[in-house]
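In: everything below, folded, please.
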Amino acid sequence: MVHGKASPKRQNNFIINETAVKITGLNEPVGKKFGFREDQELGSVIGVIKDFHFQSLHLPIEPLVLAAVGSDEFKEPRYVSIKVTPGNISETRIFVEKKLKELSPHYLNPVSIFSDKVDAMYRSDRKLGTIFIFSTVFAVLLTCLGQYSLSSYTTKSRTKEMVIRKVMGSQPTEIMALLAFEMAQLIFVSLFFAVPIAYISMTKWLQNFAYHVNIGTGVYIYSLLISLSISAIAISYHVIRLSRVNPAEMTRYE
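Out: Predicted coordinates for the structure are as follows:
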């Protein structure tokens, strides 16, 4: 939103953003003298607008100065922006190109769509995001299968031990806690190697953006809890199955 004094004189009047105010060091800039070069007549600041991204999000917000057509710096328009209804972009583009050829038949007037430019800016980021999503889903599926297979192998290889513990009065929850503790040790070892690699990779990628979030410890805590939950579910499934079998039949397992 623009705030400032209205001025009947359009020439050499400027609207600047907040970053330009900080760089120029103008205190209460509205009404102050402003210009680009010393050899030209200074204009006046008639308004200040809030900072907004007018370039890629990979870049920080830079100073921005808006001047009316007809000022010393912008005697003629270089670009014409047209607001279009989203559903009529193709038809409007053809119409605009036709009109430009009528107004300037000997001059090349390229017509571009702003949404296409924005899409081109972040096309690689979206592809990378899609790769991350599929990789994450695939990794979770592999984790579930791996946890299930490892817990199945562990319970079957220690069937006699479980039978003895059960005969000696151990409850299924105690057996499950014992196996879960062993599985948790493996999970902690894997996280010991995975967390630094993930942190360094994500931090390096986020540095490509001028404004980005910081990766906190909560992400890794959630990862640990999810891995432990998957392990607990896999182990409890096998322990519950074995607890329902007669100990006499279980002792036959070699």
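In: so where is this structure shaky, pLDDT-wise?
Out: 1-11, 37-41, 69-77, 166-167, 170, 172, 242-254 (pLDDT under 70).
In: repeat that for 90
Out: The chain contains residues with pLDDT under 90 at 1-16, 20, 23-47, 52-62, 64-130, 132, 135-137, 139-254.
In: give me the element the residue nearest the centre of it is part of.
Out: Closest to where the C-alpha atoms of the chain average out (CA atoms, centre = their mean) is residue 129, at 7.7 Å. Secondary structure from DSSP states H and E places residue 129 in helix 123-157.
In: same check on residue 45?
Out: Residue 45 is part of strand 43-49, with elements assigned from DSSP H and E.
In: how many residues are close by residue 45?
Out: Using other CB atoms under 10 Å as the criterion, residue 45 is surrounded by 24 other residues. Heads up, the C-betas are built off the backbone N, CA and C, glycines and all.
In: what sits against it?
Out: Going by CB atoms under 8 Å, 6 or more residues apart in numbering, residue 45 touches 4, 13-16, 26, 29-34.
In: make it 10 Å
Out: Counting by CB atoms under 10 Å, 6 or more residues apart in numbering, residue 45 makes contact with 4-5, 7, 13-16, 20-21, 24, 26, 28-34, 65.
In: over to residue 211?
Out: Counting by CB under 10 Å, 6+ apart, residue 211 touches 53, 57-61.
In: please redo it, this time with the cut-off set to 8 Å
Out: 57, 60.
In: any idea how far residue 44 is from it?
Out: Counting by CB to CB, to the nearest Å, the gap from residue 211 to residue 44 is 32 Å.
In: next one: residue 55
Out: Note on residue 55: its distance to residue 44, by CB to CB, is 27 Å.
In: those two: which is more packed in?
Out: Of the pair residue 55 and residue 44, residue 44 is the one with more neighbours under other CB under 10 Å, namely 18 against 12.
In: give me the phi and psi angles of the closest residue to that one other than its chain neighbours.
Out: In this structure, residue 44 finds its nearest non-sequential neighbour in residue 13, 5.6 Å apart by CB to CB, 6 or more residues apart in numbering. Dihedral angles of residue 13 (phi, psi; degrees, to the nearest 10) stand at phi -110, psi 140.
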